[in-house]
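Student: sequence? don't have it. structure:
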């Protein structure tokens, strides 16, 4: 038999109209093949043919790539020899994909000249940052850093506490009430406060008690008309209430009867105490100037005993003055006392960023009250009401009352 040549088997073509079923390939999933994501250089571009137009964002990215090439981060062919590689790196050639017509190469060269290298930008920013860091700044000092282990300082809530004090002091601010009083005036009030300061000093009470006593007196007088003969009784009963509120061991009622030279009986003092509580609706928790004085004096650095006594000397002079109490809030009075004390002791600068941060007041906001306090200091030695002056003229108070008042504030306040 004659043998037949075996023809190569032809692949069967699918019939028309019949969909050929694709069989899965082992070891592969049925995901779509990733297409060009812009990181490949087409052969047409390499041959210098015109590419599709690109938008501005892509153009800026291309210019950044040119800048990278300019500082020596160009692509080098892997197949190049070491000697050729060094030669190419020195000549700084165009990478593959940037070769084109001479017209295009000129445009790329001009764009390279316009762009700044990354190294120059970074060095400029580094110089600017170092210049900013070297500038001297009046930084805010953390005055609570030493009280981290003191649980009584409650430094976790101290900022919120004083925000609340400032909000509540507006509600309890004493306004001008002498117009409603027919039998007493501002001078009589000053005489009463001067006497209460002596009683407070004789009983050796806490400073919180004195400031709360004056607050109770002013709030009660702003609500009820008091005859002249009962004004001292109001002061005694107010100090009795403040002592019960602030002191561990408060003076007894008989002590106040004796200190007033039996001008009032025990029953009268208790009856006035009840009347005061009724008018104030038993509301005694108020921010007095004392709570702000403690905080603001602490923020006055450097802080020492002389500074503390000067601050309280000026603040107590303000307590005696009716205009100071009615025109300025407790926080402004306290901040102004600190500012006037720094001016008196010639502590430079008179007002710091730390004080501004902790008080919330600028130097201009305190000027009026500070000038008033310094003027009271200048006339304290010749005044008939000398309780505060005598108290702060002693050695245990550093004799701050004997110091000359701040001349800078006196010259501005003098007519």
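Tutor: Arrived safely, thanks for sending. Keep in mind it's a predicted model, so treat the numbers as computed, not measured.

Student: what bits of the protein have low per-residue confidence?
Tutor: 1-138, 411-415 (pLDDT under 70).

Student: Quickly list the domain ranges of it.
Tutor: Listed by automatic domain parsing, the domain ranges of the chain are 64-126, 185-280, 289-413.

Student: Quick check: which of these is buried the most?
Tutor: domain 289-413 (a mean of 19; mean count of other CB atoms under 10 Å). (C-beta placed from N, C-alpha, C; glycine too.)

Student: could you list every residue that touches the nearest residue to residue 257 once chain neighbours are set aside?
Tutor: Closest residue to residue 257 apart from its sequence neighbours, by CB to CB, 6 or more residues apart in numbering: residue 266 at 5.8 Å. Contacts for residue 266 (CB atoms under 8 Å, 6 or more residues apart in numbering) come out as 253, 254, 257.

Student: roughly how far apart are residue 266 and residue 199?
Tutor: Look at residue 266 and residue 199: by CB to CB, to the nearest Å, they are 17 Å apart.

Student: residue ranges of the strands in the stretch 101-250 of the chain, please?
Tutor: Using DSSP state E, counting those that start in this stretch, the stretch 101-250 of the chain contains no strands.

Student: Check which helices and strands the helix or strand hosting residue 325 is in contact with.
Tutor: Counting by DSSP states H and E, the element that carries residue 325 is helix 322-327. On a contact count with 3 or more CB pairs under 8 Å, 6 or more residues apart in numbering; DSSP states H and E, helix 322-327 meets helix 186-203, helix 305-320, helix 363-379.

Student: Next secondary structure element downstream of that helix?
Tutor: Defined by DSSP H and E, the subsequent element after helix 322-327 is helix 330-344.

Student: quick one, that next one and helix 363-379 angle?
Tutor: 70 degrees (axes from the mean of the first three to the mean of the last three CA atoms, to 10 degrees).

Student: Just the angle for helix 330-344 relative to helix 305-320, thanks.
Tutor: 130 degrees.

Student: what about stretch 192-211, how long is it end to end?
Tutor: One end of stretch 192-211 sits 14 Å from the other (CA to CA, to the nearest Å).

Student: I misspoke; the intended subject was stretch 279-294.
Tutor: Stretch 279-294: ends 29 Å apart by CA to CA.

Student: Next: stretch 165-177.
Tutor: Its first and final residues considered, stretch 165-177 spans 23 Å by CA to CA.

Student: List the contacts of that stretch.
Tutor: Contacts for stretch 165-177 (CB under 8 Å, 6+ apart): 215, 218-219, 221-222, 286-287, 291-292, 325-326, 329-331, 360.

Student: out of the residues you listed, who's nearest residue 384?
Tutor: Nearest to residue 384 among those, counting by CB to CB, is residue 325 at 19.5 Å.

Student: just checking, that closest one touches residue 319?
Tutor: Yes. With contact defined as CB atoms under 8 Å, residue 325 counts as touching residue 319 (6.9 Å).

Student: End to end on stretch 354-366, go ahead and measure it.
Tutor: End-to-end span of stretch 354-366 (CA to CA): 15 Å.

Student: and residue 281, what does it touch?
Tutor: No residues are in contact with residue 281 under the rule CB under 8 Å, 6+ apart.

Student: Let me fix that, I meant to ask about residue 404.
Tutor: residue 344.

Student: let's go with 10 Å and repeat that
Tutor: Residues in contact with residue 404 (CB atoms under 10 Å, 6 or more residues apart in numbering) are 344, 377, 378, 410.

Student: do the same with residue 249
Tutor: Residue 249 touches 205, 243, counting by CB under 10 Å, 6+ apart.

Student: tilt between the strand or helix carrying residue 292 and helix 305-320?
Tutor: Per DSSP H and E, residue 292 falls inside helix 289-299. Counting by the same axes, to 10 degrees, helix 289-299 lies at 150 degrees to helix 305-320.

Student: Which neighbouring elements make contact with helix 289-299?
Tutor: If contacts are counted by 3 or more CB pairs under 10 Å, 6 or more residues apart in numbering; DSSP states H and E, helix 289-299 sits against helix 158-171, helix 207-221, helix 305-320, helix 330-344, helix 353-359.

Student: Test my guess that residue 274 contacts residue 237.
Tutor: Yes. Contact criterion CB atoms under 10 Å: residue 274 and residue 237 qualify, at 8.8 Å.

Student: Show me which of the contacts of stretch 165-177 is closest to residue 158.
Tutor: Using CB to CB, the contacts of stretch 165-177 come closest to residue 158 at residue 291, 11.3 Å.

Student: so the closest one touches residue 208, yeah?
Tutor: Yes. Counting by CB under 10 Å, residue 291 does reach residue 208; the two are 8.2 Å apart.

Student: Just give me the neighbour total for the nearest residue to residue 154 once chain neighbours are set aside.
Tutor: Excluding the flanking residues, the one nearest residue 154 by CB to CB, 6+ apart is residue 161, at 7.3 Å. Neighbouring residues of residue 161 were enumerated by other CB atoms under 10 Å; the total is 13.

Student: out of the helices and strands packed on helix 322-327, which comes closest to residue 335?
Tutor: Of these, nearest to residue 335 by CB to CB is helix 363-379, at 5.5 Å.

Student: Going along the chain from the closest one, find the next helix or strand for me.
Tutor: Heading C-terminal from helix 363-379 (DSSP H and E), you reach helix 387-391.

Student: Give me the contact list for that following helix.
Tutor: 193-201, 309, 312-320, 376-377, 379-383, 397, 401-402.
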